[in-house]
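Asks: Please find the sequence and the predicted model below.
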Amino acid sequence: MSFPITLDGVYIDGQWSAGSEHLRVINPATEALLTTVNGGDEGAVDRALSAATAAFAQWSNTSGAERGAILRRIASGVQAGRERLMYLQSSNNGKPLFEAGIDVDDVIATFEYYAGLAEALDASQDSPLELPSEAFAARVRREPCGVVGLIVPWNFPMVTTAWKLAPALAAGCCVVLKPSEVTPLPELELAAIIARSGLPNGVFNLVCGTGLAVGAPLSSDPRVAKISFTGSNAVGVQVMQRAAETIKGVSLELGGKSSLLVMADADLDLAVELASGGGFFNAGQMCSATSRVLVADALADEFLQRLKARAESIRVADPFDPEVEMGALVNQAQYQRVLGHIDRGLSAGARLVCGGGRPADLPRGYFLQPTVFTDVPLDSALWCEEIFGPVLCVRRFASEQEAIALANDSQFGLVASVVSGDASAAQRVANALQAGLVWINAPQVIFPQAAWGGYKQSSLGRELGPWGLQAFQEIKHVIRAV
Ligand code: NAD
């Protein structure tokens, strides 16, 4: 598959156009230029918001059934374009093709799920509310909150978009989407699919571009009722500050420093597989990476030996290699950031068990070996900060209480995993963990029906499930005298 030399990066009111900001899009596995995207600036954001505002009156008054039908058409369009979307996702992000397939299937499931919730809205609209007085009657309406700005990162392009876009459209909101400037290609293709779905012009608009040129004006504009943002904590703070000036609603999905707890009665093979998946899937560039692996004393030596063997067996390769298990990191900046974390970890006295550098057979591309550390000081950046790369830190614990305390000792609280042979003990540990989602003896499976989001500085609000839809709705009560 080849690309045109430049792509229009602005889609407003049903029209594609070229913006003035030229974004170089790189293939992280080869470091070669894939294409250039002509992204937009503040002026494009202004036009996109005018289009979205104009379209809102009509779109917000469509029935849930009408909106559901369009969401189902988008899901079918994504299904029909599955191969091309997978190709774009892998070429632009560096992830293995099989992981890109999981992403595309997640997008389809998300649009279908919110189609169902949109359809169900019609029956629940204007539901009566019981009051303690017969002199009054009340009903409840759930209405779209308005024009919304969606800002997403590069690690799961399309997926983070679908988790916002599908519920926003289901609720009846009009949208301006800003994809990551690092990975705009999957979203450009998704936008082309949406453009063919029958969605009225102006309901969905896309402006590619940098955070400063596009994200910042989108977060400040008074026409935006809500910003839904996924990305780093540093930028999340800026988005919230800008949004505060006009009291916008804000949903944030931010960083993580999550733990996998291997209890004394755990199945060791399962524990090693789950630790490997939680650390090395998507080359560890996951907000939900379980980068702290806490292992019961009795199993620790054997576990570390097996995890080292597993990490060293992982085939790091081009995303299109049929045997690939782990692809490339997304770009030079991220590659250097992760190498910096590894260097600082070594300086802080952490012991490198395996990995730590570039695989010998891959001289080009942002490839890194799956890396495992142990004896990591509790006050080191390696232990405390989000690394966002294929780096695991293994630590022993003597008691269940100590394991829980270590896992909860973080400014973040996104997810956690527990591996245990005792169902009730695992449940007790899960209940004690400060995390929005806990997996027990399971890989990081995600269903659109279950909530996504975390405690503390990982999130504000929840995505997916009915909570993801409510994030784009206002509640209106109508009370009349009988
Ligand atoms: P980032 O914060 O640098 O960028 C995210 C988005 O914000 C991009 O589209 C970027 O262009 C935009 N942006 C940058 N500056 C902006 C500004 N001043 N105003 C408005 N928008 C601006 O994050 P990233 O490096 O793309 O992604 C990695 C981060 O995302 C990690 O911290 C990761 O944990 C987080 N993440 C969280 C979740 C979750 O669900 N909690 C999921 C995926 C990624």
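Replies: Sure thing, it's come through.
Asks: Listing request: residues of this structure with sub-threshold pLDDT.
Replies: Where the chain drops to pLDDT under 70, the residues are 1-4.
Asks: Name the residue closest to the centre of it, please.
Replies: Among the residues of the chain, the one closest to the centroid is Thr160, at 4.1 Å (CA atoms, centre = their mean).
Asks: Give me the phi and psi for that residue.
Replies: phi -60, psi -30 (degrees, to the nearest 10).
Asks: could you pull out the helices for the stretch 51-200 of the chain?
Replies: Ranges of helices within the stretch 51-200 of the chain are 64-80, 82-93, 97-124, 159-171, 185-195, based on DSSP state H, counting those that start in this stretch.
Asks: For the ones you listed, could you give me CSV that also reports distance to the ligand?
Replies: Using the backbone N, CA and C atoms, a C-beta is placed for each residue, glycine as well. Below are the helices of the stretch 51-200 of the chain laid out as CSV (distance: least, CB to the nearest ligand atom, whole Å):
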stretch, distance to the ligand
helix 64-80, 19
helix 82-93, 11
helix 97-124, 12
helix 159-171, 6
helix 185-195, 10
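Asks: Surely Gly436 is in contact with Lys456?
Replies: No: using CB atoms under 8 Å, Gly436 is not in contact with Lys456; the gap is 9.7 Å.
Asks: shared neighbours, these two?
Replies: Common neighbours of Gly436 and Lys456, using CB atoms under 8 Å, 6 or more residues apart in numbering, are Gly413.
Asks: Tell me which of these two has more neighbours.
Replies: Using other CB atoms under 10 Å as the criterion, Gly436 and Lys456 rank with Gly436 on top: 24 against 16.
Asks: need the contact list for that one.
Replies: Neighbour list for Gly436: Gly413, Leu414, Val415, Ala451, Trp452, Gly453, Gly454, Tyr455, Ser458, Ser459, Arg462 [criterion: CB under 8 Å, 6+ apart].
Asks: Please apply the same query to Ile194.
Replies: Ile74, Gly77, Phe204.
Asks: out of these, which is most surrounded?
Replies: Busiest of those [other CB under 10 Å] is Phe204, holding 32 neighbours.
Asks: Report the separation between that one and Leu299.
Replies: As for Phe204, its distance to Leu299 is 50 Å (criterion: CB to CB, to the nearest Å).
Asks: Where does the stretch 1-150 of the chain get nearest to the ligand, which residue?
Replies: In the stretch 1-150 of the chain, no residue comes nearer to the ligand than Gly149, which is 8.8 Å away by CB to the nearest ligand atom.
Asks: Could you list the residues in contact with stretch 467-481?
Replies: Outside stretch 467-481, the residues that touch it by CB under 8 Å, 6+ apart are 114, 117, 129, 131, 135-145, 148, 163, 167-168, 170-171, 173, 226, 228, 249, 251, 451-453, 461-463.
Asks: for it, which positions count as buried?
Replies: Neighbour counts using 16 or more other CB atoms under 10 Å place Trp467, Gly468, Leu469, Gln470, Ala471, Phe472, Gln473 of stretch 467-481 among the buried residues.
Asks: go on, stretch 398-417?
Replies: For stretch 398-417, burial by neighbour count (16+ other CB under 10 Å) applies to 400, 403-404, 406-408, 410, 412-417.
Asks: Those residues also near the ligand: which ones?
Replies: Among the buried residues of stretch 398-417, the ones lying near the ligand by CB under 6 Å from any ligand atom are Leu414.
Asks: so of the buried residues of stretch 398-417, which ones are in helices?
Replies: Glu400, Ala403, Ile404, Leu406, Ala407, Asn408 (DSSP state H).
Asks: any idea what sits nearest the residue in the stretch 51-200 of the chain positioned nearest to the ligand, other than its immediate chain neighbours?
Replies: Residue nearest to the ligand within the stretch 51-200 of the chain (CB to the nearest ligand atom): Pro153, separated by 3.1 Å. Spatial nearest neighbour of Pro153, chain neighbours left out: Gly231 (4.5 Å); criterion: CB to CB, 6 or more residues apart in numbering.
Asks: Just give me the neighbour total for that neighbour.
Replies: Gly231, neighbours per other CB under 10 Å, totals 23.
Asks: For it, give me its contacts.
Replies: Going by CB under 8 Å, 6+ apart, the list of residues near Gly231 reads Ile151, Val152, Pro153, Glu253, Leu254.
Asks: how much space between it and the ligand?
Replies: 3 Å (CB to the nearest ligand atom, to the nearest Å).
Asks: Residues of this protein that sit close to the ligand?
Replies: Within the chain, the positions near the ligand by CB under 6 Å from any ligand atom are 151-155, 160, 178, 180-181, 210-212, 215-216, 219, 230-232, 235, 238-239, 253-256, 287, 386, 388, 414, 458-459.
Asks: Pro184 and Val37 touch, don't they?
Replies: Yes: between Pro184 and Val37 a contact is recorded at 5.1 Å, counting by CB under 8 Å.
Asks: any shared contact partners between the two?
Replies: By CB under 8 Å, 6+ apart, the residues touching both Pro184 and Val37 are Gly9, Leu23, Val25, Cys208.
Asks: can you redo those as TSV with secondary structure and neighbour count?
Replies: Below are these laid out as TSV (DSSP: H, G, I helix; E, B strand; the rest coil; neighbours: other CB atoms under 10 Å):
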residue	secondary structure	neighbour count
Gly9	coil	30
Leu23	strand	21
Val25	strand	21
Cys208	coil	30
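Asks: Let's have those residues in TSV, adding distance to Glu83.
Replies: Output for the shared contacts of Pro184 and Val37, formatted as TSV (distance: CB to CB, whole Å):
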residue	distance to Glu83
Gly9	23
Leu23	25
Val25	20
Cys208	23
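Asks: Looking at the residues you listed, which one is closest to Gly277?
Replies: Nearest to Gly277 out of these is Val25 (CB to CB; 28.5 Å).
Asks: My guess is the closest one contacts Ala32. True?
Replies: No: using CB under 8 Å, Val25 is not in contact with Ala32; the gap is 10.3 Å.
Asks: Leaving out chain neighbours, which residue sits closest to Ser63?
Replies: Closest to Ser63 by CB to CB, 6+ apart is Asp122, at 5.5 Å.
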